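Peer 1: any chance you can model this:
(one chain, ligands or ions: 3)
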Amino acid sequence: MPILLLALILCSTASATTVGEALDNTNLVWTNDSFSVDTSNSHYGGSSLYSFGYGEVSTTVNGAGTLKFWADGHFYFSASDYTYDYLLDDSWTQYEYHFGPGQHNLTWYNTYTFNGYSYTFWAARLDKVEWIPDDTTPPTASANVKTGLFNYNKTVYLTMNEPGTIYYTRNGSTPSKSSTKYTGPLIMSSTTTLKFIAYDLAGNPSPVYTEKYTIDKVRPTITSVNIKNLATGISRTPTITVKFSENIKPSISWDKFYIKNLATGKTAPITKTISGNTLNIKTTTPLAPYTWYQVYIPGYSVKDYAGNNLASGYWFKFKTGKY
Ligand SMILES: [Ca+2]
Ligand SMILES: [Ca+2]
Ligand SMILES: [Ca+2]
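Peer 2: Ligands and ions are numbered 1, 2, ... in the order given. A predicted model of the protein is given here:
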C-alpha cells in the first residue's frame, strides 16, 4: 500500500487541532483534517502547517475584516460567501481578502484537479494566518487645555487615541473633514471657541468636542465709590461700596485695606465682603464723630476671575458727622 493512502486512512477523521505556531494564530479555532506541522519549511516562525496529498484546514471568522495568509503549494481556498481561489505558486506567497459583515467559514483544501485529473500528491503549506477585523470603533480626541478663563495666551494641543486626523474650527462652526487639519499646537490669544473632530484611519468619526477659552488680559478698575473724596457728615457706621469694572475676588493684598483715623493714626476694625463686581467695607464699631478718616484700597487687593489684579491703590478721605 502506498504510504500516501495509508496516511489518508489514518488521518481521515476531522479533529480540532491546536495549530499554534504553525499558523502563528492561536486566536482562531481550527479544524484540521490531515494537515501536520512542518518544521522544515515555513514562512514565519519555526513551522508551518503542511499536507502532502489530501487535507483541509478550516476556521471561522466574523467580519467585516481582512484575512491575510501565506501559502506555498497547491491550494484551494474557499470562504462561505466567497468564490474559490486557486493557488498555484510554488513559493511562499501572501494572499489577502477583505470580507464584509457576518460569519465566514474559511477552508484551505489541498486537492488539485487539472484537466479532469485529480492530483493528490501535491504538497501544500499554510503559515501566518491573520484576521484583522475592520475598525468600527470611533476614535476619541481631547485637548490638553479644557474650557476655562485665562489671563494669558494658552497653547492647546489636540490628541486622539489612535492614528488618524483631527480637524478643527476656531469660530464656533461645526468641524468636518473640510475644516482646518490639526498639525500642531494652537495658540489662544483671545477668547475662542474651539471645536474639533477626529477621524481614524478607517474613517470613523469621533464626537465633536468643544472647548471655550476665555482670554481676559484686562485688569479690573474701580468704576465708582459711594463716598466722594473729602465728603463730610458721613455716618459713623458707614458702608463703603466700591464698584469694579467686572466681577472680582480677593487677591494677595486683601488684608491691607484700612480705614485710618487721621487724628490718631489708628486704623478702625473693618469687615469686607464681595458680591459680583461690588466690594462692601463696613466698620465693626462706630467711628469717632467729626473726625477725618482715610480709606485705602490697595493695588493687588482684588483681581478678576482670570487673575488680573487691580493695578494700583486708591484712597480717599471723608469726615464723620455726629452719628
Ligand atoms: Ca509559523
Ligand atoms: Ca477606531
Ligand atoms: Ca478682566
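
Peer 1: kindly report the residues of the stretch 1-150 of the chain close to ligand 2.
Peer 2: 135, 137 (Cβ under 5 Å from the ion). The way it works is simple: take the backbone N, C-alpha and C, and place the C-beta from them, glycine included.

Peer 1: which stretches of the stretch 1-150 of the chain form strands?
Peer 2: With strands called from DSSP state E, counting those that start in this stretch, the stretch 1-150 of the chain shows them at 15-16, 31-33, 36-38, 48-52, 56-73, 75-79, 82-87, 93-109, 112-114, 117-119, 123-133, 141-143, 148-150.

Peer 1: for residue 312, see how far away the closest residue to residue 91 other than its chain neighbours is.
Peer 2: The shortest distance from residue 91 to any non-neighbouring residue, by Cβ to Cβ, 6 or more residues apart in numbering, is to residue 72 (6.3 Å). Between residue 72 and residue 312 the computed distance is 85 Å (Cβ to Cβ, to the nearest Å).

Peer 1: who has more neighbours, the two?
Peer 2: Shown here are residue 72 and residue 312; by other Cβ atoms under 10 Å, residue 72 has more neighbours (22 against 12).

Peer 1: who's in contact with the more buried one?
Peer 2: 41, 43, 48, 89-93, 124-127 (Cβ atoms under 8 Å, 6 or more residues apart in numbering).

Peer 1: got it, and residue 287?
Peer 2: 236-238, 259, 261, 268, 293, 320.

Peer 1: what about 10 Å?
Peer 2: 234-238, 259, 261, 268, 293, 318-320 (Cβ atoms under 10 Å, 6 or more residues apart in numbering).

Peer 1: what is the nearest of those to ligand 3?
Peer 2: residue 259 (27.0 Å; Cβ to the ion).

Peer 1: gap between residue 205 and ligand 2?
Peer 2: According to Cβ to the ion, to the nearest Å, residue 205 and ligand 2 sit 10 Å apart.

Peer 1: beta partners for that residue?
Peer 2: residue 199 (DSSP bridges).

Peer 1: skipping its backbone neighbours, what lies nearest the residue nearest the centre of the chain in space?
Peer 2: By Cα atoms, centre = their mean, the chain has its centre lying nearest to residue 141, at 3.0 Å. Excluding the flanking residues, the one nearest residue 141 by Cβ to Cβ, 6+ apart is residue 198, at 3.8 Å.

Peer 1: is it true that that neighbour touches residue 176?
Peer 2: No - contact criterion Cβ atoms under 10 Å: residue 198 and residue 176 do not qualify, at 11.7 Å.

Peer 1: which residues do these two both contact?
Peer 2: In contact with both residue 198 and residue 176: 167, 205, 208, using Cβ under 10 Å, 6+ apart.

Peer 1: so which of these are also by ligand 3?
Peer 2: Counting by Cβ under 5 Å from the ion, no member of these reaches ligand 3.
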